[in-house]
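*Asks:* can you look at this prediction? I've put the sequence above it.
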Amino acid sequence: MLKKIEETACYLKAKMPFMPKVGIVLGTGLGELAKEIKIEPEFSYTDIPNFPISTVEGHSGKLIIGYLGEVQVLAMQGRFHYYEGYSMQEVTFPIRIMKALGVETLLLSNAAGGMNPEFEIGELMIINDHIKLIQDNPLRGMNPDALGPRFFDMCTAYDPDLIEVAKAASNSTGVETREGVYMLFTGPSFETKAEVRFARISGADAVGMSTVPEAIAASHMRMHTLGISCLTNMAAGILDQPLNHEEVIETGNRVKAKFTKLVREIVKTWPKSKTE
Ligand code: HPA
């Protein structure tokens, strides 16, 4: 893995005009934030050595280097999901690359099903913790000691300081946010109603199919991580209606402007965004 990371990072470094400190992963339906980025170079995943290729509808698969406002960012438009058949190591490979390129702060966004009955469709939830129901882990196997320790604490995997900055950004922009626990289900089938009841009893506020492996890999490498879920629908059984991917995309579209506004403000006010 280390050799692959080096190879990919070398390829990108040679073509990058600057090394952003902030990485952003754009979730399903939220890829349009990329339109706000003044793009320096961008790379199609298909052109990046060792990168997997995104297959899900709503993701276009590009690594973008540019400016979001005044802040240099490295954004992934489209991510890799476990349900696509990739291993967790593959799913988190781009996060390893970000770190190798100098990214210290990671904003992970996703589409999720809301479970907390106080939440509403279209709201944004700041992730303050997660539950990984499935027992696979991106760190399973030999530990790459050069990247991080074998065993590590996950209590601050979602950086408390960054959560505070996100809440302050929510106040100053007027973009309302919720806060809660995100639970990973592998998908691609949506959860059953019984699974959602179980997840809710377990203490989760939203369910989704991404983010957790990336947050683990980022925590392994001591990156500052923030997770934002766009509650694109209520999870199965919360409302008496069937779930579909179209609703996820539609809500993402409806919410993208406020999502963008919030993210712009977060990267602007987070002290570690600055590049020397
Ligand atoms: N469940 C899992 N993943 C999701 C959902 C959901 O209800 N909505 C968007 N992504």
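*Replies:* Good, I have the coordinates.
*Asks:* for the ligand, what is the nearest residue in this structure?
*Replies:* Scanning the chain for the residue nearest the ligand gives Gly113, at 2.2 Å (criterion: C-beta to the nearest ligand atom). No exception for glycine: its C-beta is placed from N, CA and C like everyone else's.
*Asks:* how about that residue, what does it touch?
*Replies:* Each residue near Gly113 by C-beta atoms under 8 Å, 6 or more residues apart in numbering is listed here: 190-191, 196, 206-208, 231-236, 238, 243.
*Asks:* residues near the residue lying closest to Asp136 once chain neighbours are set aside, how many?
*Replies:* In space, Asp136 comes closest to Met88 once its chain neighbours are excluded; the distance is 5.4 Å by C-beta to C-beta, 6 or more residues apart in numbering. For Met88, the neighbour count with other C-beta atoms under 10 Å is 22.
*Asks:* which bits of the stretch 51-200 of the chain sit near the ligand?
*Replies:* 111-113, 185, 187, 190-191 (C-beta under 6 Å from any ligand atom).
*Asks:* name the residues that touch the helix or strand containing Ala257?
*Replies:* Using DSSP states H and E, Ala257 falls within helix 245-269. Around helix 245-269, the neighbours that count as contacts under C-beta under 8 Å, 6+ apart are 22, 24, 27-30, 32-33, 36, 57-58, 68-71, 73, 107, 109, 111, 121-122, 124, 162, 165-166, 168-170, 172-173, 175, 177, 226, 228, 230-233, 273.
*Asks:* if I look at Ala215, how far off is Leu68?
*Replies:* Separation of Ala215 from Leu68 (C-beta to C-beta, to the nearest Å) stands at 21 Å.
*Asks:* was I right about Leu124 contacting Gly180?
*Replies:* No. Judged on C-beta atoms under 8 Å, Leu124 makes no contact with Gly180 at a distance of 10.8 Å.
*Asks:* who has more neighbours, Ala215 and Leu68?
*Replies:* Set Ala215 next to Leu68 and count neighbours by other C-beta under 10 Å: Ala215 wins out with 28 against 24.
*Asks:* quick one, what contacts that one?
*Replies:* Contacts of Ala215 by C-beta under 8 Å, 6+ apart are 108, 127, 130, 157-158, 225, 227.
*Asks:* ditto for Pro52
*Replies:* 45, 80, 86, 90-91, 93.
*Asks:* measure it to Thr251 for me?
*Replies:* To Thr251, Pro52 is 26 Å away according to C-beta to C-beta.
*Asks:* thinking again about what came up before, quick one: which of the contacts of Gly113 is nearest Gly102?
*Replies:* Gly208 (28.1 Å; C-beta to C-beta).
*Asks:* using the three-state scheme, assign the nearest residue to that closest one once chain neighbours are set aside.
*Replies:* Excluding the flanking residues, the one nearest Gly208 by C-beta to C-beta, 6+ apart is Ala112, at 3.7 Å. Put simply, Ala112 is strand when judged by DSSP: H, G, I helix; E, B strand; the rest coil.
*Asks:* want to throw the contacts of Gly113 into JSON lines with pLDDT?
*Replies:* Shown next, in JSON lines, are these (pLDDT from 0 to 100):
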{"residue": "Phe190", "pLDDT": "96"}
{"residue": "Glu191", "pLDDT": "97"}
{"residue": "Val196", "pLDDT": "97"}
{"residue": "Ala206", "pLDDT": "98"}
{"residue": "Val207", "pLDDT": "98"}
{"residue": "Gly208", "pLDDT": "97"}
{"residue": "Leu231", "pLDDT": "96"}
{"residue": "Thr232", "pLDDT": "94"}
{"residue": "Asn233", "pLDDT": "94"}
{"residue": "Met234", "pLDDT": "94"}
{"residue": "Ala235", "pLDDT": "95"}
{"residue": "Ala236", "pLDDT": "94"}
{"residue": "Ile238", "pLDDT": "91"}
{"residue": "Leu243", "pLDDT": "89"}
